[in-house]
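>>> after the sequence you'll find the predicted model.
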Amino acid sequence: MNFSSYHFHLYFNSNQIELATKLASKISEEFVLPVGRVWDRPVGPHPVNSCQITVPKDKFESLASWLLVHRQGLDVFIHPQGNDDLADHRDHIMWIGRSYDLKLDIFMK
């Protein structure tokens, strides 16, 4: 499979919203990437607060490497944007930091 882009989701708790917002802003500026809303509640398959960053394939390695050092304790869920949401969120995933159980049942309709 060849994926053209990925979603990097910053995961954080309610005490880390300010940290997540600042980190997302820094990523947007330094890597010139679109950053989604910083959710103060779980949304979609994500079991905790999150923020989505859309990353083209050519910036994947540089952002993943940067986050290994600069994530400031936040966890990061990474998945490709393909044609199968279930497989993208279950079979083709990576974690930086702690991993979580996703709510995959939303893709099984």
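Okay, I see it. Numbering: from 1, shown residues only.
>>> do a quick rundown of the helices in this protein.
17-31, 57-70, 85-90 (DSSP state H).
>>> of these, which is nearest Phe77?
helix 85-90 (8.7 Å; Cβ to Cβ). From N, CA and C alone the C-beta is placed, and that goes for glycine too.
>>> in that closest one, what's buried?
By 16 or more other Cβ atoms under 10 Å, the buried positions in helix 85-90 come out as Asp85, Asp88, His89.
>>> contact partners for the second one?
Okay, so that is Asp88. His79, Pro80, Gln81, Gly82 (Cβ atoms under 8 Å, 6 or more residues apart in numbering).
>>> likewise the first one?
The contact partners of Asp85, taken as Cβ under 8 Å, 6+ apart, are Phe107.
>>> could you redo the last one with a cut-off of 10 Å?
Gly44, Pro45, His79, Leu104, Ile106, Phe107, Met108 (Cβ atoms under 10 Å, 6 or more residues apart in numbering).
>>> same deal with the last one?
When contacts are counted by Cβ under 10 Å, 6+ apart, His89 touches 7, 44-46, 77, 79-80, 82, 102-104, 106-107.
>>> if we go to 6 Å?
Pro45, His79, Leu102 (Cβ atoms under 6 Å, 6 or more residues apart in numbering).
>>> the second one bridge partners, please.
It stands for His79. His7 (DSSP bridges).
>>> that older thread, of the contacts of His89, which is the nearest to Phe31?
Of these, the one sitting nearest to Phe31 (Cβ to Cβ) turns out to be His79, at 17.9 Å.
>>> what's the burial count for the closest one?
21 (other Cβ atoms under 10 Å).
>>> who's in contact with it?
Counted by Cβ under 6 Å, 6+ apart, His79 has contacts His7, Asp88, His89, Ile93.
>>> need those in CSV (columns: distance to Ser50).
Output for the contacts of His79, formatted as CSV (distance: Cβ to Cβ, whole Å):
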residue, distance to Ser50
His7, 10
Asp88, 15
His89, 13
Ile93, 14
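>>> make JSON lines out of those and add pLDDT and distance to Ala64.
Below are the contacts of His79 laid out as JSON lines (pLDDT from 0 to 100; distance: Cβ to Cβ, whole Å):
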{"residue": "His7", "pLDDT": "98", "distance to Ala64": "12"}
{"residue": "Asp88", "pLDDT": "96", "distance to Ala64": "17"}
{"residue": "His89", "pLDDT": "97", "distance to Ala64": "18"}
{"residue": "Ile93", "pLDDT": "98", "distance to Ala64": "13"}
